[in-house]
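Student: Predicted model, plus sequence, below.
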Protein chains: 2
Amino acid sequence: MRKAFHEELDRVAETLVEMTHLASSAMNRATTALLDADIHLADSVIAADAEIDALRADLDLLSFDLLARQQPVATDLRVIVTSMRMSSDLERMGDLARHVAKVARLRYPASAVPAELRSTILQMGHVAERIVEKAGSVIAARDLEAAQQIERDDDAMDDLHRELFARVTDPSWRHGTEAAIDITLVGRYYERFADHAVSVGHRVIWLVTGEFDPASEGSHEDAEDGATVGA
Amino acid sequence: MRKAFHEELDRVAETLVEMTHLASSAMNRATTALLDADIHLADSVIAADAEIDALRADLDLLSFDLLARQQPVATDLRVIVTSMRMSSDLERMGDLARHVAKVARLRYPASAVPAELRSTILQMGHVAERIVEKAGSVIAARDLEAAQQIERDDDAMDDLHRELFARVTDPSWRHGTEAAIDITLVGRYYERFADHAVSVGHRVIWLVTGEFDPASEGSHEDAEDGATVGA
């Protein structure tokens, strides 16, 4: 009984890690689709989001079932509660990759990204991939050191987001309102993607240390406010 | 023991309803602050968000504690799991009101909203207030009829959001890129606010009927894509 239970908990963790890989792949392909105006790639990202959603639904059913059947306490209970929260973060990250792909689709055959912003968006894509892969390692290994590194990646994302805002709101901007709106939304999608990875890191910290972190949600995602101020 | 437990469950529901009132008041005041460029009101919204965050942290601790101590099953278990999810939605709604207030603050002493969009933003504020108050009634009374009405309010919000987008991306737009970006972000904040109310409605439906709704997250929030297409 207990052995089967711990195998089920392992399966929960493996599914979460699989979700991080899917979210990473989705954001990688969405970034390429956006930069290269690749509509087939964009469509593949949009279609693949259903897979992440399905994993999340499976995981939530399994978690609820484990709570009901096993009546876990202490660490096991924390694992299940945390997993339900992390599945929500990872599902949302999949949505955000899909949103980026939809902007790519919308502007096809043009690219939504003006040439001088390609490098910034490419870097945001790289940070997004890195941060979600790191979240996967944190989930798999409960590595608090790696959880801290996620914060630094998020700082890097905030800097890139700020840079993007500064460019879009600069008086020298020559690409019109529609392009500015696309870049504003895309920038927010990348930034929120990183925020959810930060949440995953905080949840693992809670899992390991038992310390609730009231700052784990919301408060780290104000980059766009500062960005607009600074612009 | 059981009596105390059900009193604690009642307290959970009361706290959630209190969070809906706080989120409603926050979005009401944020809308006024935005339209009237009222920096004191904006600051009061920004400061008050800590109260919603604190209620959410309390609620999550209480919920976890109830799971650990009471080992609930069936409906009681569903109530607690659902409450943890709803507290997350409501906390996020508070964040979104704070984001609107921050845009108001940023553009002070000007208003971020051009005269011809005031009526649309005002209506979005009204729908936001109405939808979160309805979410509160749904939580308090487990009223499935009201839960369905939330969907219609969300449709009304999507229509207003689409209208906003059409205006901002219209060739006749005369207010420049920065104003367009402000309106784009503000529009997204209102729309996401309504999405979280929809999630609350879906969670109560699950609570009452036991039916998982895989479409309850993410998929209803694509209005801005269609809006941009339609523009």
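Tutor: Looks like it came in fine.

Student: now the helices for chain A?
Tutor: A:2-36, A:39-70, A:74-107, A:118-141, A:144-168, A:176-209, A:223-230 (DSSP state H).

Student: quick one, the second one and helix A:2-36 angle?
Tutor: Between helix A:39-70 and helix A:2-36, the angle formed by their directions is 160 degrees, by axes from the mean of the first three to the mean of the last three CA atoms, to 10 degrees.

Student: can you check the fourth one too?
Tutor: With the same axes, to 10 degrees applied, the angle from helix A:118-141 to helix A:2-36 works out at 180 degrees.

Student: same thing with the third one?
Tutor: Relative orientation of helix A:74-107 versus helix A:2-36 (the same axes, to 10 degrees): 20 degrees.

Student: shouldn't A:Thr20 be in contact with A:Arg130?
Tutor: No - contact status for A:Thr20 versus A:Arg130: not in contact, 11.5 Å apart, counting by CB atoms under 8 Å. (C-beta placed from N, C-alpha, C; glycine too.)

Student: who has more neighbours, these two?
Tutor: Per other CB atoms under 10 Å in any protein chain shown, whichever of A:Thr20 and A:Arg130 has more neighbours is A:Thr20, with 26 against 18.

Student: burial count for the nearest residue to that one once chain neighbours are set aside?
Tutor: Here the nearest residue to A:Thr20 in space, its sequence neighbours aside, is A:Gly136; by CB to CB, 6 or more residues apart in numbering or on different chains that works out to 3.4 Å. By the criterion of other CB under 10 Å, A:Gly136 has 21 neighbours.

Student: Now do A:Gly136 against chain B, distance only.
Tutor: Distance, A:Gly136 to chain B, using CB to the nearest CB, to the nearest Å: 20 Å.

Student: In JSON lines: the helices of chain A, plus mean pLDDT.
Tutor: Listed next are the helices of chain A as JSON lines, based on pLDDT from 0 to 100:
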{"stretch": "helix A:2-36", "mean pLDDT": "95"}
{"stretch": "helix A:39-70", "mean pLDDT": "96"}
{"stretch": "helix A:74-107", "mean pLDDT": "96"}
{"stretch": "helix A:118-141", "mean pLDDT": "97"}
{"stretch": "helix A:144-168", "mean pLDDT": "96"}
{"stretch": "helix A:176-209", "mean pLDDT": "95"}
{"stretch": "helix A:223-230", "mean pLDDT": "38"}
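
Student: So for B:Arg118, which of those helices sits nearest?
Tutor: With respect to B:Arg118, and counting by CB to CB, the nearest of the helices of chain A is helix A:176-209 at 19.3 Å.

Student: Run the angle between the closest one and helix B:39-70 for me.
Tutor: With the same axes, to 10 degrees as the criterion, the two stretches helix A:176-209 and helix B:39-70 enclose an angle of 30 degrees.

Student: Can you point out the buried residues in helix A:176-209?
Tutor: A:177-208 (16 or more other CB atoms under 10 Å in any protein chain shown).

Student: For chain B, tell me which of these show up nearby.
Tutor: Of the entries in these, the ones placed beside chain B under the rule of CB under 8 Å from any CB of the partner chain are A:Thr177, A:Glu178, A:Ala180, A:Ile181, A:Asp182, A:Thr184, A:Leu185, A:Arg188.

Student: contacting residues around the fifth one?
Tutor: Spelled out, it's A:Asp182. A:Asp182 makes contact with A:Val103, A:Leu106, A:Arg107, A:Ala112, A:Val113, B:Thr228, according to CB atoms under 8 Å, 6 or more residues apart in numbering or on different chains.

Student: Looking at the residues you listed, which one is closest to A:Arg29?
Tutor: A:Val103 (13.5 Å).

Student: Could you list which residues are in contact with that closest one?
Tutor: When contacts are taken as CB under 8 Å, 6+ apart, A:Val103 is in contact with A:Leu34, A:Ala112, A:Asp182, A:Leu185, A:Val186, B:Thr228.

Student: and what of A:Thr20?
Tutor: Contact partners of A:Thr20, counting by CB under 8 Å, 6+ apart, are A:Leu90, A:Val132, A:Glu133, A:Ala135, A:Gly136, A:Ile139.

Student: For the residues you listed, name the two members farthest from one another.
Tutor: The largest distance within these, taken as CB to CB, falls between A:Leu90 and A:Glu133 and amounts to 12.3 Å.

Student: which one of the contacts of A:Val103 sits closest to B:Lys3?
Tutor: Nearest member of these to B:Lys3, counting by CB to CB, is A:Leu185, at 51.0 Å.

Student: I'd say that closest one and A:His99 touch.
Tutor: Yes - A:Leu185 sits in contact with A:His99 when judged by CB under 8 Å, with a separation of 7.4 Å.

Student: distance of A:Arg69 from B:Asp65?
Tutor: In this structure, A:Arg69 and B:Asp65 are 21 Å apart, going by CB to CB, to the nearest Å.

Student: I meant to write A:Ala128 there.
Tutor: With the distance defined as CB to CB, A:Ala128 ends up 36 Å from B:Asp65.

Student: Give me the more crowded residue out of these two.
Tutor: The residue with more neighbours, out of A:Ala128 and B:Asp65, is A:Ala128; 30 against 12, by other CB under 10 Å.

Student: neighbours around the residue nearest to the more buried one when sequence neighbours are not counted, how many?
Tutor: Once its chain neighbours are removed from consideration, A:Ala128 has its nearest residue in A:Met27; the separation is 4.6 Å (CB to CB, 6+ apart). Neighbours of A:Met27 under the rule other CB under 10 Å: 29.

Student: What of A:Asp143?
Tutor: Based on other CB under 10 Å, the number of other residues close to A:Asp143 is 16.

Student: Isn't it up against A:Ala135?
Tutor: No - taking CB under 8 Å as the contact criterion, A:Asp143 and A:Ala135 are not neighbours in contact, 10.6 Å apart.

Student: Would you mark the buried spots in stretch A:3-10?
Tutor: Residues of stretch A:3-10 classed as buried under the neighbour-count rule (16+ other CB under 10 Å) are A:Glu8, A:Leu9.

Student: quick check, distance from that stretch to the centre of its chain.
Tutor: Shown here is stretch A:3-10, whose average C-alpha point lies 27 Å from the average C-alpha point of the whole chain (CA atoms, centre = their mean, to the nearest Å).

Student: likewise stretch A:31-39?
Tutor: 19 Å.

Student: when you scan that stretch, is anything in it near chain B?
Tutor: No - for stretch A:31-39, no contact with chain B is found by CB under 8 Å from any CB; the gap never falls below 13.8 Å.

Student: Outside of that stretch itself, list whatever touches it.
Tutor: Stretch A:31-39 is contacted from outside by A:41-42, A:45, A:100-101, A:103-105, A:107-113, A:118, A:121-122, A:124-125, A:128, A:186, using CB under 8 Å, 6+ apart.

Student: what about burial for those residues, which qualify?
Tutor: Those of the contacts of stretch A:31-39 that meet the buried threshold are A:41-42, A:45, A:100-101, A:103-105, A:107-108, A:111-113, A:121-122, A:124-125, A:128, A:186, by 16+ other CB under 10 Å.
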